[in-house]
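**Q** turn this into a structure:
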Amino acid sequence: MLVNHQSAWVKVPGLAAPIRVEAGQFITGRFEFHQAMYPKKRKSNPAAYTVWRWLQTLETLENLCIKSCNKFSIITVVNWERYQSGDGNCVQQNEPATSSKCAASVQHACTNKNDKNEKKKTFSSDSAEVRLAELLFDLIRQRNPDHKAPDLQAWARHVDLMIRVDARSPERIEEVIRWTARDPFWSRNILSTSKLRQQFDALVMKMGGTTMSRINRGDLAAV
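**A** The predicted structure follows:
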């Protein structure tokens, strides 16, 4: 119900140039989407983060494609044309309906000047982003001393996205990093902050949704 039925240019607050949104897509954000789903404030309403996780579940099921930038997300309904026509033959049967198909169609929407500036952003050595990146690398090196040193600034940028875009607190990210390092399976698979961001929800669910005791920030700064 929210998607565009034809291509359109959409103005996004904070961006100088409008964004091209194609048919079968719509542009939104976590809180904007929550307000659209629950316009009336009630105590029984789920949290904005919960509603966004439902969208991410639909992406995992390959019903949607979500392309997130630092200021917005573009949601694409996979095989939207098929649903509109009511004719399943309009899409070849041997053509997989995967979310990867729609990723290329919206990739250009996030390559604006603001995103380029974000890529150039550097983080100080005492920032939460760098400290968390160093923490993950240090725990990896404890298991594998020969692990190649990463570009910590690149790792820090993924931590920055987790904090700003995904609304993760630095404390929660730290908890997940430390739990991951102790898990026999995930410790072998989470070898970068980009992978940590990609699997964050799965890791939290594996943890059982529990919150471990807070880690002293002095311990993190000392890593």
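
**Q** what sits up against the helix or strand hosting Trp52?
**A** Per DSSP states H and E, Trp52 falls inside helix 48-60. Helix 48-60 is contacted by residues 30-31, 33-34, 37-38, 64-66, 75, 99, 167, 201 when judged by Cβ atoms under 8 Å, 6 or more residues apart in numbering. Backbone N, C-alpha and C define where each C-beta goes, glycine included.

**Q** tell me the mean pLDDT over the helix or strand that it is followed by?
**A** Using DSSP H and E, the helix or strand that follows helix 48-60 in sequence is strand 64-68. In this model, strand 64-68 carries a mean pLDDT of 81.

**Q** for the helix or strand just after strand 64-68, name the packing helices and strands.
**A** Using DSSP H and E, the helix or strand that follows strand 64-68 towards the C-terminus is strand 73-77. For strand 73-77, the packing partners by 3 or more Cβ pairs under 8 Å, 6 or more residues apart in numbering; DSSP states H and E come out as strand 25-28, strand 64-68, helix 99-107.

**Q** mind listing the strands the shortest one pairs with, and their directions?
**A** Here the strand partners of strand 25-28, with direction, are listed using DSSP bridges: strand 73-77 (antiparallel).

**Q** just the CA atoms from the partner strand would do, formatted as CSV, please.
**A** What follows is strand 73-77, C-alpha atoms only, in CSV (Å, rounded to 0.1, in the frame of the first residue of the first chain):
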residue,chain,number,x,y,z
SER,A,73,15.9,3.3,3.3
ILE,A,74,14.5,2.3,0.0
ILE,A,75,12.1,-0.7,0.3
THR,A,76,11.5,-2.8,-2.9
VAL,A,77,8.7,-5.3,-3.1
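
**Q** for it, what is the average pLDDT?
**A** 84.

**Q** list the buried ones in it?
**A** Within strand 73-77, the residues scored as buried using 16 or more other Cβ atoms under 10 Å are 73-77.

**Q** can I get the residues you listed in a markdown table with distance to Arg141?
**A** Below are the buried residues of strand 73-77 laid out as a markdown table (distance: Cβ to Cβ, whole Å):
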| residue | distance to Arg141 |
| --- | --- |
| Ser73 | 34 |
| Ile74 | 38 |
| Ile75 | 39 |
| Thr76 | 39 |
| Val77 | 43 |
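
**Q** and of the residues you listed, the nearest to Pro145?
**A** Ser73 (39.5 Å; Cβ to Cβ).

**Q** contacting residues for the residue lying closest to Trp80 once chain neighbours are set aside?
**A** Once flanking residues are discounted, Trp80 sits nearest to Gly24: 3.1 Å by Cβ to Cβ, 6 or more residues apart in numbering. Applying Cβ under 8 Å, 6+ apart, we find Gly24 in contact with 3-4, 76-77, 80-81.

**Q** from Ala167, how far out is Gly24?
**A** 27 Å (Cβ to Cβ, to the nearest Å).

**Q** confidence-wise, which of the helices and strands packed on strand 73-77 is weakest overall?
**A** Among the helices and strands packed on strand 73-77, helix 99-107 scores lowest, with a mean of 44.

**Q** what about stretch 123-140, distance to the chain center?
**A** Distance of stretch 123-140 from the chain centroid (Cα atoms, centre = their mean, to the nearest Å) equals 19 Å.

**Q** my bad, stretch 64-79
**A** Counting by Cα atoms, centre = their mean, stretch 64-79 comes out at 10 Å from the chain centroid.
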